[in-house]
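Colleague: using only what follows, build the 3D model:
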Amino acid sequence: MCLVGPNGAGKTTLLKLVATLLRPSGGDAHVMGHSLLNDPDEIRKRTGLLTVRGFLYDDLSAAENLHFTMRMAGLKPGREVIARVLERIGLAEVADNRMRTFSTGMRKRLALGQLLVRPIEVALMDEPYSGLDSQGMRLVDEVVADFKAAGTTVLLASHQDGEAVREAEKTGILRKGHLEILPESEPLSRHLSVGGPAGAPEVD
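Modeller: Just a heads-up that it's a prediction; the model follows:
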């Protein structure tokens, strides 16, 4: 599902709620049958969140960041898994470089790798195209396609036009806290700003 909406509509907040990084101020919701209020750990085990800035550590290398991600997920880090993911995201040659030396696009690629290094059932992606060149944007489209083929649910919030956005099975527009599912006949382009690698990401 693709989620669009103006700045301040609450897209980032909604994704963080689903990822259990924020606690609802009222009410409750269920993700894969688990309550946000009562079962956050169960939800956290099954979801991955890609944010605009990522959950990365400057003093760790690319490989070490993925190693840490696996450890935090309760998994035994494997060199082959990490190497395969680094190859997939185009960072194999800088696997041992400290993250502080990475460009914005490289950081986004590494953050994308954090979604790939462990099994998840729901992928939450906040502005995944921001900071990426055309090759990086194609990588996002390919990863989303792979998720869908594997049966992983993808909730993607973006103001930029990418293949994954255009081919979303459902599109929702968030306005003032209200979510409206768009009919298939309504073109998504009217709700997207002119985007691309230089487009500024929205911040909610």
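Colleague: show me how far the helix or strand bottoming out on mean pLDDT in the chain is from its chain's centre.
Modeller: Least confident helix or strand, the chain: helix 163-166 with a mean of 81, by mean pLDDT, DSSP states H and E. Using C-alpha atoms, centre = their mean, to the nearest Å, the mean C-alpha position of helix 163-166 is found 14 Å from that of the whole chain.
Colleague: can you give me the strands in the chain?
Modeller: Under the criterion DSSP state E, the chain carries strands at the ranges 2-4, 30-31, 34-35, 47-50, 122-126, 153-157, 171-175, 178-181.
Colleague: now the least confident helix or strand of the chain - C-alpha only, CSV.
Modeller: Only the C-alpha atoms of helix 163-166 are listed here, as CSV (Å, rounded to 0.1, in the frame of the first residue of the first chain):
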residue,chain,number,x,y,z
GLU,A,163,7.4,2.1,-9.9
ALA,A,164,6.6,0.7,-6.5
VAL,A,165,4.4,3.7,-5.8
ARG,A,166,2.6,3.5,-9.2
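Colleague: can you pull the buried residues of it?
Modeller: Buried residues in helix 163-166, counting neighbours by 16 or more other C-beta atoms under 10 Å, are found at 164-165. C-betas here are computed from N, CA, C, even on glycine.
Colleague: pLDDT below threshold where in this protein?
Modeller: Per-residue confidence of the chain (counting by pLDDT under 70) places the weak regions at 185-204.
Colleague: quick check, central residue of it?
Modeller: M125 (2.2 Å; C-alpha atoms, centre = their mean).
Colleague: does that residue touch Q160 like I think?
Modeller: No - counting by C-beta atoms under 8 Å, M125 does not reach Q160; the two are 11.8 Å apart.
Colleague: in stretch 13-31, what counts as buried?
Modeller: 14-20, 31.
Colleague: I meant to write stretch 90-98 there.
Modeller: Here stretch 90-98 shows 90-91, 94 as buried, counting by 16+ other C-beta under 10 Å.
Colleague: ditto for stretch 160-175
Modeller: Result for stretch 160-175 [16+ other C-beta under 10 Å]: buried residues 160-162, 164-165, 168, 171-174.
Colleague: same question for stretch 36-54.
Modeller: 36, 39-40, 43-45, 47-52, 54.
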